[in-house]
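Undergrad: A structural model of the following input is requested.
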Amino acid sequence: MKTDFKRNGKIWRKYLPVLFLFALMLSFTSCYTDYGLTTADYDVVVTQYDKNTNFGAFKTFSLIDSVFHITGDTTESDSDLLTRKYDKLILSTIRENMVDYGYTEIKDPSDQNKPDVVLTVEALGTQIDQYYSGGWYPWYGWYPWWGYPGYPGYYPPYVGKSTYYVGTLFIDYFDVAASLNNPDNNFVTPWYATINGLLQSGQSESRLTGTINQAFEQSPYLKVK
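TA: Okay, the predicted model is just below:
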């Protein structure tokens, strides 16, 4: 199952600052030696929550059994960046964390058997192109003879390009009762997680489980009391 992020504009705007920060981080690191950093070192886990929510009062949950792969204004190559190979792993890791935090799963919710919270998962693949210039001498602009007539003091810059393939995982935690009673008909999301990482081969399973686990570890207030 796929969903178009155009139909989820509010969700998209909510996560856009995080995506921008990740792209900014890549732009800085592309200018310097990587010092042996691996793809896992670029993983980013961000969680946000409503401080007025009593999370300890929630006891049950349901997890939508599909990871929604976001498409829309992305290019055709962007939509092909993600694979469904890890969808089951993503869902099972989230489920395990919820159970470990004391929640009971309702697998077949109904009007008579509503969960306290519903979790949904979305995934997005994006290609980020970073352009940079170089070729300037270190003394450019520092010595008095720079720009002396007939002697420019520098060579023309060259332009390089680095391409990164970034995967973003969105986990939303909806308050069912508050959403149903919301007069604006908007979903109430007291907690959500955004996980960004480079889409590269190797250690994908361990990186996925590690970052999802990290999202819950840094959110201890989600535990059932």
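
Undergrad: and residue 97, helix, strand or coil?
TA: Following DSSP: H, G, I helix; E, B strand; the rest coil, we place residue 97 in the helix state.

Undergrad: from residue 180, how far off is the nearest residue to it once chain neighbours are set aside?
TA: Leaving aside its sequence neighbours, residue 97 sits nearest to residue 216 (Cβ to Cβ, 6 or more residues apart in numbering; 4.2 Å). For glycine as for every other residue, the C-beta is placed from the backbone atoms N, C-alpha and C. When distance is defined by Cβ to Cβ, to the nearest Å, residue 216 is 25 Å away from residue 180.

Undergrad: of these two, which one has the most company?
TA: Set side by side, residue 216 and residue 180 show more neighbours around residue 216, with 21 against 11, by other Cβ atoms under 10 Å.

Undergrad: now residue 64: which helix or strand?
TA: Using DSSP states H and E, residue 64 sits in strand 60-71.

Undergrad: I figured the residue nearest to residue 97 hits residue 96, correct?
TA: No - the criterion here is Cβ atoms under 8 Å, and residue 216 misses it with residue 96 at 9.3 Å.

Undergrad: can you tell me what sits against stretch 43-57?
TA: Among residues not part of stretch 43-57, those counted as contacts by Cβ atoms under 8 Å, 6 or more residues apart in numbering are 18, 21-22, 25, 116, 175, 190-198, 207, 210-211, 214-215, 218-219, 221-225.

Undergrad: export that stretch to PDB, keeping only CA atoms.
TA: C-alpha atoms of stretch 43-57 as PDB (Å, rounded to 0.1, in the frame of the first residue of the first chain):
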ATOM      1  CA  ASP A  43      21.900   8.400  11.500                       C
ATOM      2  CA  VAL A  44      19.700  10.900  13.200                       C
ATOM      3  CA  VAL A  45      16.800  10.100  15.600                       C
ATOM      4  CA  VAL A  46      14.400  12.900  16.600                       C
ATOM      5  CA  THR A  47      11.400  12.500  18.900                       C
ATOM      6  CA  GLN A  48       8.900  15.100  20.000                       C
ATOM      7  CA  TYR A  49       6.000  14.900  22.500                       C
ATOM      8  CA  ASP A  50       3.200  16.800  24.100                       C
ATOM      9  CA  LYS A  51       4.200  17.600  27.700                       C
ATOM     10  CA  ASN A  52       0.500  17.900  28.700                       C
ATOM     11  CA  THR A  53      -0.200  14.300  27.700                       C
ATOM     12  CA  ASN A  54      -0.400  11.700  30.400                       C
ATOM     13  CA  PHE A  55       1.200   8.800  28.500                       C
ATOM     14  CA  GLY A  56       1.100   6.500  31.500                       C
ATOM     15  CA  ALA A  57      -2.700   6.400  31.200                       C
END
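
Undergrad: no further questions, thank you.
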